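Chemist: what's the 3D shape of this:
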Amino acid sequence: MNKLWVRLALAFGAVTIIGILVAGILANRQVNLQFRRFVARDQIVNSPLVATLADYYASQGSWAGVEELFDGPGRSDDMGHGWGMMMRRGMPQLILADASTQIIFDQGGPRRGGRLNPAEQAEAVPIELEGQTVGYVVVSVPGLGDLSGPAQLFLRQFNFSLWQAGLIAGGLGLLLGFIISRGLSAPLGRLAAAARRISRGDLNQQVPVTGSAEIADLARAFNEMTAGLQQAETLRRNMVADIAHELRTPLTIIQGNLQAILDDVYPLEKAEIAAVYDETLTLNRLVNDLRELAQVEAGQLSLHLQTFELPSLVERAANLFEELAREKNIKVKVVLPPALPPVQADPDRVRQVLHNLLSNALRHTPEGGEVVIEAAFVREQGRGGAGEQGGGYLSPLPLRSPAPLPDTPRPPTPDPRPHIRVTVSDTGPGISPADLPHVFDRFWRADKARSREQGGSGLGLAIAKRLIEAHGGQIGVESEGIPGRGSRFWFTLPAHS
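Modeler: Have a look, this model is predicted:
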């Protein structure tokens, strides 16, 4: 009884049966009443009473003394009818009115002198004499017991047919309710079964989008949810595999070197210990990056917002990488407008993002190339000049990712205020269009063959993306994937008003 389709079917059937019962009772009462009225009127029309009354009026010239025609035990008319006796034998109760509808005889007595009401006027049988109406006869509705045998048989057959039709309609209503309720509950049952399979770990679940608009919307939302769960599970597995891969390499090197020292393959010298120490630094850097990324994604990394001049931070960053650029014979160029409004951001986190973009640009720029750092004021956030390049990727906001846990804040939406856009361009090999959407993914590297020392942990851009989003800004990349034309990474920060 707790199943939805059973309850819907019973409710639908109950409403149908109640409706049929009410309609049947009302129809039965109305038909019985109208049929008895018809019988009573027919008795008067087909009896000699109307003719007798007309003859009485013709002989008397008025209705005076007409009540004597109906009173008395055996008073007979000219045709031998004793109307008083007939009244006592079950003839309908009569009301006689003159041409003005004033009641001159009421078998019940109390209404004499009054007038016929509109309903009685509609049911009255006229008494006509030489083409003129001289009075009216109104008959009361007889009881069921006063009807003749054939009339009572007709009513019984009609009532029996009426209840038969009601039972058939009720059965059809129950059947229709069953069909409709099953049609409504079947998609919900499929959703419940798919949800149970998901709870057992089978995320590859999609349900057909059928049924009413609401059920179809629910099915579409369920399919979107399962697709998101599959995506989240894929990301989780990939991340676990990537973390295991990233941790395995330094741990293997450390283990191998220490084992070689224990086996006297390598002498216990400072150089060998330094190599092991370097790997621990790499391992520690990776763990710190993972921890920072987890904090940013969980919204647990606090920002210390300050109002400061962005050009000075850009110039200091360029100076910091000047020596590295000189070693590779790379020119670092800073292009700043004469006046920029200050920004409101965490300078340490902005410096971290800028350092990551500069180190990537220098890493991928060949000897003799150029890295350009630009800053500009923009009134609306956008693609950062994507139209100037062949292909671009804008980090979407909000992120299309699985729904966060209840206490985990969602990624912030872009700040609607005017922004400062910072662009870091290089003249390296560029990024292929197929790789552009994955640039800000965890552990992504442009060159899969690069070593960890050359390519970093693969988490820098993922961290940079979430740091910029935490400020209410956006970050993106543009590249044609043509060697020599390089890539353009850009990010925006809210300008201080």
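
Chemist: so what does the host helix or strand of residue 492 touch, helix or strand wise?
Modeler: With elements taken from DSSP states H and E, the one containing residue 492 is strand 487-494. Using 3 or more CB pairs under 8 Å, 6 or more residues apart in numbering; DSSP states H and E, the elements in contact with strand 487-494 are strand 343-345, helix 347-364, strand 419-425, helix 460-470, strand 475-479. Bear in mind the C-beta positions are built from the backbone N, C-alpha and C, glycine included.

Chemist: pretty sure residue 127 contacts residue 50?
Modeler: Yes: using CB atoms under 8 Å, residue 127 makes contact with residue 50 at a distance of 5.7 Å.

Chemist: which one of those two has more residues nearby?
Modeler: residue 127 (24 against 17; other CB atoms under 10 Å).

Chemist: number of nearby residues for the residue nearest to that one when sequence neighbours are not counted?
Modeler: Take residue 127 and drop its neighbours on the chain: the residue closest to it by CB to CB, 6 or more residues apart in numbering is residue 135, 4.2 Å away. Neighbours of residue 135 under the rule other CB under 10 Å: 26.

Chemist: Strand partners (parallel or antiparallel) of the helix or strand residue 135 falls within?
Modeler: Element membership for residue 135, per DSSP H and E: strand 132-139. Strand 132-139 sits in its sheet next to strand 94-98 (antiparallel), strand 125-129 (antiparallel), going by DSSP bridges.

Chemist: Extract the C-alpha trace of that strand and format it as CSV.
Modeler: In CSV, the C-alpha atoms belonging to strand 132-139 read as follows (Å, rounded to 0.1, in the frame of the first residue of the first chain):
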residue,chain,number,x,y,z
GLN,A,132,-59.9,30.9,-24.9
THR,A,133,-58.1,29.8,-21.8
VAL,A,134,-60.5,30.0,-18.9
GLY,A,135,-58.4,28.2,-16.2
TYR,A,136,-55.6,26.0,-15.4
VAL,A,137,-55.2,22.6,-13.7
VAL,A,138,-52.0,21.8,-11.8
VAL,A,139,-51.3,18.3,-10.6
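
Chemist: now that strand: how far from the chain's centre is it?
Modeler: 70 Å (CA atoms, centre = their mean, to the nearest Å).

Chemist: so after it, what's the next helix or strand?
Modeler: Counting by DSSP H and E, the element after strand 132-139 in chain order, helix or strand, is helix 149-199.

Chemist: which residues are contacting stretch 3-21?
Modeler: Stretch 3-21 is contacted from outside by 1, 166, 169-170, 173-174, 176-178, 180-182, 184-186, 188, using CB atoms under 8 Å, 6 or more residues apart in numbering.

Chemist: go again using 10 Å as the cut-off
Modeler: For stretch 3-21, the surrounding residues in contact (CB atoms under 10 Å, 6 or more residues apart in numbering) are 1, 162-163, 165-186, 188-189.

Chemist: helix or strand for the residue nearest the centre of the chain, which one?
Modeler: Among the residues of the chain, residue 217 comes closest to the average C-alpha position under CA atoms, centre = their mean, at 5.6 Å. If you go by DSSP H and E, residue 217 is part of helix 213-262.

Chemist: so can I have CSV of the strands paired with strand 132-139 showing mean pLDDT?
Modeler: As requested, those are exported to CSV (pLDDT from 0 to 100):
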stretch, mean pLDDT
strand 94-98, 83
strand 125-129, 85
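
Chemist: so which of these gets nearest residue 150?
Modeler: strand 125-129 (21.9 Å; CB to CB).

Chemist: what is in contact with residue 127 and residue 50 at once?
Modeler: What both residue 127 and residue 50 touch, as defined by CB under 10 Å, 6+ apart, is the set 135, 137.

Chemist: Hmm, residue 189 is touching residue 182, no?
Modeler: Yes: using CB atoms under 10 Å, residue 189 is in contact with residue 182, at 9.3 Å.

Chemist: what does the model give the spatially closest residue to residue 463 that is not a sequence neighbour for pLDDT?
Modeler: Nearest residue to residue 463, sequence neighbours excluded (CB to CB, 6+ apart): residue 293, at 5.3 Å. With respect to pLDDT, residue 293 scores 76.

Chemist: I'd say residue 293 and residue 442 touch.
Modeler: Yes: Residue 293 sits in contact with residue 442 when judged by CB under 10 Å, with a separation of 7.0 Å.

Chemist: Common neighbours of those two, please.
Modeler: 239, 457, 459, 462-463.

Chemist: just these: which has the poorest pLDDT?
Modeler: Note: of the shared contacts of residue 293 and residue 442, the lowest pLDDT belongs to residue 457, at 63.

Chemist: number of nearby residues for residue 275?
Modeler: Residues near residue 275, counting by other CB under 10 Å, number 13.

Chemist: Distance from the strand holding residue 492 to the middle of the chain?
Modeler: 37 Å.

Chemist: cool, stretch 345-357 as well?
Modeler: Distance, centroid of stretch 345-357 to centroid of chain: 41 Å (CA atoms, centre = their mean).

Chemist: ranges for the strands of the stretch 251-400 of the chain?
Modeler: 306-308, 331-335, 343-345, 370-378, 392-394 (DSSP state E, counting those that start in this stretch).

Chemist: and among these, the most buried is which?
Modeler: strand 343-345 (a mean of 23; mean count of other CB atoms under 10 Å).

Chemist: Look at residue 473 and report its pLDDT.
Modeler: pLDDT, residue 473: 92.

Chemist: cool, and residue 77?
Modeler: Predicted confidence (pLDDT) for residue 77: 46.

Chemist: dump the residue contacts of residue 336.
Modeler: Residue 336 touches 310-312, 314-315, 373-376, 422, counting by CB under 10 Å, 6+ apart.

Chemist: do the same with residue 206
Modeler: So residue 206 contacts 194, 219, 222-223, 226-227, 230 (CB under 10 Å, 6+ apart).

Chemist: swap the cut-off to 7 Å and go again
Modeler: The contact partners of residue 206, by CB atoms under 7 Å, 6 or more residues apart in numbering, come to 223, 226.

Chemist: State the distance from it to residue 224.
Modeler: Relative to residue 224, residue 206 is positioned 10 Å away (CB to CB, to the nearest Å).

Chemist: cool, residue 379 as well?
Modeler: 35 Å.

Chemist: Likewise for residue 300?
Modeler: For residue 300, the distance to residue 224 - CB to CB - is 28 Å.

Chemist: Over to residue 37?
Modeler: 66 Å.

Chemist: Next: residue 261.
Modeler: Distance from residue 261 to residue 224, by CB to CB: 56 Å.

Chemist: cool, and residue 187?
Modeler: In terms of CB to CB, residue 187 sits 16 Å off from residue 224.

Chemist: I appreciate the help and will end here.
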